[in-house]
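Engineer: for reference, the sequence and a predicted model appear below.
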Amino acid sequence: MAELQDDPQNTSAIGDLDSPTSTPPQPIPPAESGDEGLDRARALLAAHPVADGHNTLAKALAQTPWHDLEVGESALDTDIPRLRAGGVGAQFWALTADTDGADPAGVTLERLDRIRSLIASCPQWLRLALTAGDLADARNCGRIASFLGPVAAHAIGDSLGTLRSYHFLGVRALALSLGTRWTEPKLTRFGLEVVREANRLGILLDLSGATEGTWRRTIDASAAPALLSHSAAASLTPHPLNASDELLAELGAHGGVCLVSFAPEQIARAGAPVSVQDVADHIERVRDLAGPGHVGLAGTYGLVTGAPRAQGLEDASCYPTLIVELLERGWTEAEVAALTWENLVRVVRDTEFTARATAPRRAPSSATIEDLDGPSAPGKPPAAER
């Protein structure tokens, strides 16, 4: 596994997704629309594409009996033409399973297989990404870098070996949300061991929807920055996935990034239609609290056609519309570039650096939840005192 992590081009365990005889596609130049603002936004995204933090296409594909994402898919809000038209240069493909499902690990593996199959079937447009270097490589050859994850904490059960297996299969993010006995109501000693093992492997820690006890202990314990893969500002829209002002401030202080969701339920104002302006308001609120180096984008696309969307942001081709709104609010091109690409890529790079520094000093953990959280674990009070 160390060899896989240290050599981003080592695909012996995951399959060679690029044909040696294929000609890499060149990035599509931005089309002239006659709208000066939209043309400027598209040109900016051609230079600084979107690194998007959350797309649930893996789940939606199970609901669609037949699809052609390479040519275009009317039954979904995500396909290759729309990703390219939207200026997407990197995508995290969410693999999270529902907390009330009977077999979260099986569901996660099925979704992982769907996305791996999708990447393999579109080598001219998609490329598996394991490291920050892979992001640059994919961008340079006109492909969309594809990160696998996050997976949900309950999909690893209580097993660090399962976490390592996901990493071996290419997963690079773990969501520490509800659903396990080691994240509720706060991160336990075993949960802290999960954090340390994720740091050693180079797996990003996603705090979207995590309890306060979990996000506090994770930020304190992690040597790598954390992320919120699809959150927004709870002070504007109360929602379980949204982040409090305090969390956003702590995340920024520790080098993390909040990727602002476009999901209507996370950005809605009472009684008003959800619009691109609402998304921009959340982005600016997160920027004010976490800092300009700690905000990014999470379109939360990957839904079937007809699912509720913000007006102006109906599918994965609509990122230029958001950029127009931000430019009209006075954002500079450097600030937009940080939002779309640089901030998330920095967190990926810092997490990878932490793994390289940690791996030589820390062997794979063999700890179990019984060792650390069981009734006889060190530091546990007698049963009569608990």
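Structural biologist: It's in.
Engineer: how close does the closest residue in space to residue 284 that isn't next to it in sequence get to residue 232?
Structural biologist: Counting by Cβ to Cβ, 6 or more residues apart in numbering, residue 329 is the residue found nearest to residue 284 once chain neighbours are left out, at 7.4 Å. For glycine as for every other residue, the C-beta is placed from the backbone atoms N, C-alpha and C. According to Cβ to Cβ, to the nearest Å, residue 329 stands 17 Å off from residue 232.
Engineer: hang on, the earlier thing: and the residue nearest to residue 284, how many neighbours does it have?
Structural biologist: 12 (other Cβ atoms under 10 Å).
Engineer: phi first, then psi, for it.
Structural biologist: Here is the backbone geometry of residue 329 (degrees, to the nearest 10): phi -90, psi 0.
Engineer: so it versus residue 105, what's the distance?
Structural biologist: Residue 329 is 44 Å from residue 105, by Cβ to Cβ.
Engineer: swap in residue 354?
Structural biologist: 26 Å.
Engineer: what number of residues are in the vicinity of residue 188?
Structural biologist: Considering only other Cβ under 10 Å, residue 188 is surrounded by 21 other residues.
Engineer: now do the same contact list for it.
Structural biologist: 181-182, 372-373 (Cβ atoms under 8 Å, 6 or more residues apart in numbering).
Engineer: from residue 140, how far off is residue 233?
Structural biologist: 35 Å.
Engineer: who has more neighbours out of those two?
Structural biologist: Legend: neighbour count by other Cβ under 10 Å for residue 233 and residue 140, higher for residue 233 (27 against 10).
Engineer: shouldn't the more buried one be in contact with residue 241?
Structural biologist: No - applying Cβ atoms under 8 Å, one finds residue 233 not in contact with residue 241, separated by 11.3 Å.
Engineer: for the most centrally placed residue in the chain, which non-adjacent residue is spatially closest?
Structural biologist: For the chain, the residue sitting closest to the mean C-alpha position, by Cα atoms, centre = their mean, is residue 53 at 3.4 Å. Nearest non-adjacent residue to residue 53, counting by Cβ to Cβ, 6+ apart: residue 259, 3.4 Å away.
Engineer: just to check, that neighbour is in contact with residue 296?
Structural biologist: Yes - shown here, residue 259 and residue 296 form a contact pair, counting by Cβ under 8 Å, at 4.3 Å.
Engineer: identify the contacts common to those two.
Structural biologist: 53, 344.
Engineer: which helix is the longest one in this protein?
Structural biologist: In the chain, with assignment by DSSP state H, the single longest helix is helix 104-121.
Engineer: could you point out which element follows that one?
Structural biologist: strand 126-128 (DSSP states H and E).
Engineer: run the chain-centre distance for that following strand.
Structural biologist: On the basis of Cα atoms, centre = their mean, to the nearest Å, strand 126-128 sits 15 Å off its chain's mean C-alpha point.
Engineer: so where do the strands sit in the chain?
Structural biologist: With DSSP state E, the ranges of strands along the chain come out as 50-55, 88-93, 126-128, 144-148, 151-152, 173-175, 204-206, 227-231, 257-261, 295-298.
Engineer: run through who's touching the fourth one.
Structural biologist: I take that to be strand 144-148. Here strand 144-148 has contacts from 51, 80, 83-84, 88-93, 95, 112, 115-116, 119, 125-129, 134-135, 137-139, 169-173, 348, using Cβ under 8 Å, 6+ apart.
Engineer: try 6 Å
Structural biologist: 83, 88, 90-93, 119, 126-129, 134-135, 138, 170-172 (Cβ atoms under 6 Å, 6 or more residues apart in numbering).
Engineer: could I get the buried residue list for the longest helix of the chain?
Structural biologist: 104-105, 107-112, 114-116, 118-119 (16 or more other Cβ atoms under 10 Å).
Engineer: distance of the closest residue to residue 272 other than its chain neighbours from residue 172?
Structural biologist: Distances taken as Cβ to Cβ, 6+ apart put residue 278 closest to residue 272, at 7.9 Å, once the chain neighbours are dropped. Distance, residue 278 to residue 172, by Cβ to Cβ: 30 Å.
Engineer: for residue 284, same thing?
Structural biologist: 29 Å.
Engineer: which of those two has more residues huddled nearby?
Structural biologist: With neighbours defined as other Cβ under 10 Å, residue 284 and residue 172 compare such that residue 172 has more, 25 against 17.
Engineer: distance of that one relative to residue 260?
Structural biologist: 20 Å.
Engineer: now do residue 199
Structural biologist: From residue 199 to residue 260 the distance is 25 Å (Cβ to Cβ).
Engineer: between those two, which one's more packed in?
Structural biologist: It is residue 260, of residue 199 and residue 260, that has more neighbours when counted by other Cβ under 10 Å, with 32 against 22.
Engineer: ok so, going back, pretty sure the residue nearest to residue 272 sits against residue 268.
Structural biologist: No - the pair residue 278 / residue 268 is not scored as a contact, 7.1 Å apart, by Cβ atoms under 6 Å.
Engineer: neighbour count: those two, which is higher?
Structural biologist: residue 278 (24 against 19).
Engineer: for the stretch 201-350 of the chain, what spans make up the helices?
Structural biologist: In the stretch 201-350 of the chain, the segments counted as helices under DSSP state H, counting those that start in this stretch are 212-221, 245-253, 264-267, 276-290, 319-328, 333-337, 343-358.
Engineer: quick one: closest of those to residue 62.
Structural biologist: helix 264-267 (21.7 Å; Cβ to Cβ).
Engineer: mean confidence for the closest one?
Structural biologist: Mean per-residue pLDDT for helix 264-267: 97.
Engineer: who touches residue 372 in this structure?
Structural biologist: Residue 372 sits in contact with 189-190, where contact means Cβ under 6 Å, 6+ apart.
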